[in-house]
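Asks: Please find the sequence and the predicted model below.
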Amino acid sequence: MHKHFPVNCIVPPHMLKNIATNGTNRQKMLAIDTLKLSAQMRGQRQALAEFATATFRVAVGGRERVVYDAKNGSSLPGTIARKEGDGATADVTVNEAYDGSGYTYDLYNNVYQRNSIDGSGMRLDSTVHYRVGYDNAFWNGEQMVYGDGDENLPVSERLFNRFTISLDVIGHELTHGVTQFEAKLTYSQQPGALNESMSDVFGSLVKQYHLQQTSGEADWLIGQGLLTENVKGVALRSMKAPGTAYDDPVLGKDPQPAHMKDYVNTINDNGGVHINSGIPNHAFYVVATELGGFAWEKAGQIWYVTLKDKLTANSKFQDCANMTYQAAADLFGAGSIEQQAVKKGWTEVGITVGGVEPPPDGGGGCLEALLRLIGAAPAKG
Amino acid sequence: MQVERIKFERTGGFAGMRIATDLKLDDLSDDQAQTISELLDDLDFGELPEQMMNEEGMPDQFTYTITVETKKWEHTVVTGDVSAPEKMQELLQLLNRLARTHKKQ
């Protein structure tokens, strides 16, 4: 588990800055965290502000989208169907992919000052009409890919509509791209469920931002509109009430837990990445509704900074709880309403945040912290 | 090959839903049984590698596990959307549909 180290100590800031520049990724992260916390505790608002600025990339280019048509084949990317600046086509699926990737770009660019997936204006490529009867969507490391659902079955047997129909699905897939460039969360077990949860969180925020909905107005559903009327269900997942999105004779019941006591241990689905994501999803929902207003402004900002600057490949739920708690302090101050909301959000799903206070034995802890930063002492579990 | 039984499981995907079926070819219609046998023959299924997964860094893809039993051997193949050979797509679609139909029973 990642621990935050005491900062009011003998390690001079220039040494931490050197580590932040020259260390391994983990050492860098720890040093940056320590510098931030140090500046904050010393009341150096200016230093903190500079760090805050540095953590956001400046948007330098515009959005650029291309939508390809696989024409029911499997070759990627396929044939260009619409590119940036082209007018709407006769194909609603193409238009949904084009518009949805644009709305996703807008959230990241306008709210988080992030210029596209990689932060450097990467073109947003989507392929629609992938294969026949493909009831899925995925990110292949370079682009989004969408199937048409069960279009090959008789209407009475269809369970899924086209996957571009839900804006949050598009935001979900693009966020996998953001995660790939930032936290690089391993796609298995808890890190994988966090990867999935980040995609659901920002997928939902893309929709909320586009519709300009407050946290009280949002539906907090993932994949609303995706299930046909043959299915007893409203969506694939609910962040507000995980486990309640569908309960159907063919599809079964939504298996998502909303609390650690119901955590699902399974070998399927890469260790339940689409199942246990219900836990961090619900934590975010609680934080956002506690704070009220537009969820992307405060809760979203805390989660974005955590995804970008704090989470690493093997982070687990407890790490994410601690890191969002820390991010809330970085952004809004220790003990702020926002930080308290984060604590409450994780508490409601059965996770207690670790806190940010340095341990009482300041000097000894400091040396230990430095040793750990340079890898000379084992990290505390 | 004289196929007697085929087990199919699909996990993962955006929806995270598991669907599975366990089919004895004798219980299927002649047409379906013949189609499955031909598709498996065409793939030379018994000679396919057990692990055909290369989906690292590709979130939300399906994982397919197919086990085929004949009188002489049993063979299991695990594959994914991008890794599955193009020739396998028709088989995957058919098994997918059969898994749904049989789940209702």
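Replies: Thanks, I have it.
Asks: only C-alpha atoms for contact and neighbour calcs from this point on.
Replies: OK.
Asks: Off-centre distance for stretch A:279-286?
Replies: Distance, stretch centre to chain centre, for stretch A:279-286: 12 Å (CA atoms, centre = their mean, to the nearest Å).
Asks: And stretch A:63-80, by the same measure?
Replies: On CA atoms, centre = their mean, the centre of stretch A:63-80 falls 25 Å from that of its chain.
Asks: do stretch A:275-285 as well
Replies: The answer for stretch A:275-285 is 11 Å, by CA atoms, centre = their mean.
Asks: which residues are in contact with it?
Replies: Outside of stretch A:275-285, the residues within contact range by CA atoms under 8 Å, 6 or more residues apart in numbering or on different chains are A:190, A:193-194, A:196-198, A:200-201, A:220, A:237-243, A:255-260, A:263-264, A:299, A:317, A:342, A:345-346, A:348-349, B:16.
Asks: what do you get for stretch A:236-253?
Replies: By CA under 8 Å, 6+ apart, stretch A:236-253 touches A:219-224, A:226-227, A:231-235, A:254-258, A:278-279, A:281-282, A:285-286, B:15, B:17, B:100, B:103-104.
Asks: now those residues: which count as buried?
Replies: Neighbour counting with 16 or more other CA atoms under 10 Å in any protein chain shown marks A:219-224, A:226-227, A:231-235, A:254-258, A:278-279, A:281-282, A:285-286, B:15, B:17, B:100, B:103 as buried within those.
Asks: so what's residue 7 scoring on pLDDT?
Replies: In the absence of a named chain, chain A is used. Confidence at residue A:7, expressed as pLDDT, is 30.
Asks: Chain B was what I was after
Replies: 97.
Asks: before we move on, the earlier item: so which of the contacts of stretch A:236-253 are in strands?
Replies: Judged by DSSP state E, those include A:221, A:222 as members of strands.
Asks: helix/strand/coil for the nearest residue to residue A:268 once chain neighbours are set aside?
Replies: Nearest residue to residue A:268, sequence neighbours excluded (CA to CA, 6 or more residues apart in numbering or on different chains): residue B:11, at 6.2 Å. Assigned by DSSP: H, G, I helix; E, B strand; the rest coil, the conformation of residue B:11 is strand.
Asks: go on, residue A:171?
Replies: helix.
Asks: wouldn't it be in contact with residue A:208 here?
Replies: No. Counting by CA atoms under 8 Å, residue A:208 is not a contact partner of residue A:171; they are 10.9 Å apart.
Asks: The two: which has the busier surroundings?
Replies: residue A:171 (27 against 23; other CA atoms under 10 Å in any protein chain shown).
Asks: And the nearest residue to that one once chain neighbours are set aside, how close does it get to chain B?
Replies: The shortest distance from residue A:171 to any non-neighbouring residue, by CA to CA, 6+ apart, is to residue A:203 (4.0 Å). Distance, residue A:203 to chain B, using CA to the nearest CA, to the nearest Å: 12 Å.
Asks: Residue A:203: what's it in contact with?
Replies: Residue A:203 neighbours (CA under 8 Å, 6+ apart): A:104, A:167, A:168, A:169, A:170, A:171, A:172, A:173, A:175, A:222.
Asks: lowest confidence element among the helices and strands of chain A?
Replies: The weakest-scoring helix or strand in chain A, judged by mean pLDDT, DSSP states H and E, is helix A:45-55 (a mean of 38).
Asks: List the buried residues of the helix or strand harbouring residue B:66.
Replies: Using DSSP states H and E, residue B:66 maps to strand B:62-70. Neighbour counts over strand B:62-70 (16+ other CA under 10 Å) mark B:62, B:63, B:64, B:65, B:66, B:67, B:68, B:69 as buried.
Asks: so the residue nearest to residue A:268 sits right up against residue B:62, yeah?
Replies: Yes. Residue B:11 sits in contact with residue B:62 when judged by CA under 8 Å, with a separation of 5.8 Å.
Asks: which stretches of chain A have low pLDDT?
Replies: For chain A, applying pLDDT under 70 flags the ranges A:1-61, A:355-381.
Asks: In a helix, residue B:79, correct?
Replies: No. Per three-state DSSP, residue B:79 lies outside any helix segment and is strand.
Asks: Please look at it and residue B:48 and confirm they touch.
Replies: No. Here residue B:79 does not reach residue B:48: they are 10.5 Å apart, not a contact under CA under 8 Å.
Asks: What sits closest to the residue nearest the centre of chain B if chain neighbours are left out?
Replies: By CA atoms, centre = their mean, chain B has its centre lying nearest to residue B:66, at 4.0 Å. Distance criterion CA to CA, 6+ apart; nearest residue to residue B:66, sequence neighbours excluded, is residue B:8 at 4.7 Å.
Asks: beta partners for the one you found?
Replies: Taking DSSP bridges as the rule, residue B:8 bridges to residue B:21, residue B:66.
Asks: Return the distance of the helix of greatest length in chain A from the chain's centre.
Replies: For chain A, the helix with the greatest residue count under DSSP state H is helix A:189-211. In terms of CA atoms, centre = their mean, the centre of helix A:189-211 is set 5 Å apart from its chain centre.
Asks: Can you report phi and psi for residue A:250?
Replies: phi -90, psi -50 (degrees, to the nearest 10).
Asks: count of residues packed around it?
Replies: For residue A:250, using other CA under 10 Å, the count is 18.
Asks: Can you give me the neighbour number for residue B:47?
Replies: 9.
Asks: which other residues reach the strand holding residue B:66?
Replies: Residues contacting strand B:62-70 (CA under 8 Å, 6+ apart): A:269, B:1-13, B:74-81.
Asks: Please name the residues that touch residue 96.
Replies: Just so you know, I chose chain A. Applying CA under 8 Å, 6+ apart, the residues near residue A:96 are A:164, A:165, A:167.
Asks: um, chain B though
Replies: B:10, B:19.
Asks: which SS class is it?
Replies: Following three-state DSSP, residue B:96 is assigned to helix.
Asks: follow-up on the earlier one: can you name every helix or strand that the helix or strand following the least confident helix or strand of chain A contacts?
Replies: Where DSSP H and E defines the elements, the next helix or strand beyond helix A:45-55 is strand A:65-69. Counting contacts by 3 or more CA pairs under 8 Å, 6 or more residues apart in numbering or on different chains; DSSP states H and E, strand A:65-69 packs against strand A:79-83, helix A:92-106, strand A:124-128.
Asks: Recalculate using a threshold of 6 Å.
Replies: strand A:79-83, strand A:124-128 (3 or more CA pairs under 6 Å, 6 or more residues apart in numbering or on different chains; DSSP states H and E).
Asks: Looking at the ones you listed, which one is packed in the most?
Replies: strand A:124-128 (a mean of 26; mean count of other CA atoms under 10 Å in any protein chain shown).
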